[in-house]
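J.: my questions are about this predicted structure, shown below with the sequence.
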Amino acid sequence: ANALEKTLIFSNLSLTKNGIGSQAMKKIAKSLTSNRFLTRLNLRINDIGPNGAMEISEVLRVNPFLRCLNLEMTTVGSIGAEMIAKSLKTNHSITDLNLWSCSIEAQGASSLAEAFKVNQKLETVNLGYNRFGDE
């Protein structure tokens, strides 16, 4: 994560299965808030949890360049989904969002659904294998 605090000048960053937790996510997010090059971020299979999702939501709030965000199997949960949903209401760059198997329950799904009504840029969203239930 420390190496990423330098200016990133590539468009695609994959950090799949790197053992990234919420502390490392904080450092990564810091480098992404002003990054003008990165358009695709893959954080698949990391344990960023709700605290890491809070950091991602800040990136979504301020970075107008990120287009594709993969958070598959990152345990963001409903709390993290709610934070991401709040940022998606004002983010106009994300077109592809993957939240597959993120332990999102009904409340998080409801928040995301509200954000999807507002955000007209999203083209692809994957919410499979979560815990929405019948609600």
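T.: Looks like it arrived, so ask away. From a predicted model like this one, the values you see are computed outputs, not experimental measurements.
J.: please, where are all the strands along this protein?
T.: Across the chain, reading from the start of the chain, the strands by DSSP state E fall at 12-14, 40-42, 68-70, 96-98, 124-126.
J.: which among those strands is found nearest to Pro50?
T.: Taking Cβ to Cβ as the measure, the strands of the chain were each checked against Pro50, and strand 68-70 came out nearest at 16.1 Å. Any C-beta I mention is one placed from the backbone N, CA and C, and that applies to glycine too.
J.: distance to Lys117 and mean pLDDT for the strands of the chain - can I get that in CSV?
T.: Below are the strands of the chain laid out as CSV (distance: least, Cβ to Cβ, whole Å; pLDDT from 0 to 100):
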stretch, distance to Lys117, mean pLDDT
strand 12-14, 29, 94
strand 40-42, 24, 97
strand 68-70, 19, 98
strand 96-98, 15, 98
strand 124-126, 12, 98
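J.: okay, those strands in a markdown table with mean neighbour count next?
T.: Written out in a markdown table, the entries for the strands of the chain read as follows (neighbours: other Cβ atoms under 10 Å):
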| stretch | mean neighbour count |
| --- | --- |
| strand 12-14 | 14 |
| strand 40-42 | 18 |
| strand 68-70 | 20 |
| strand 96-98 | 20 |
| strand 124-126 | 14 |
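J.: adding distance to Ala109, write these out as TSV.
T.: What follows is the strands of the chain, written out as TSV (distance: least, Cβ to Cβ, whole Å):
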stretch	distance to Ala109
strand 12-14	26
strand 40-42	22
strand 68-70	17
strand 96-98	13
strand 124-126	11
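J.: residues in contact with the residue located most distally from the centre of the chain?
T.: Going by Cα atoms, centre = their mean, the residue of the chain most distant from its centre is Asp134, 24.8 Å out. For Asp134, the set of contacting residues under the criterion of Cβ atoms under 8 Å, 6 or more residues apart in numbering is empty.
J.: next one: it from Phe10, what distance?
T.: 43 Å (Cβ to Cβ, to the nearest Å).
J.: same check, this time on Ile104
T.: With the distance defined as Cβ to Cβ, Ile104 ends up 30 Å from Phe10.
J.: comparing the two, which shows the higher neighbour count?
T.: Taking other Cβ atoms under 10 Å, Ile104 and Phe10 do not tie; Ile104 has more neighbours (28 against 10).
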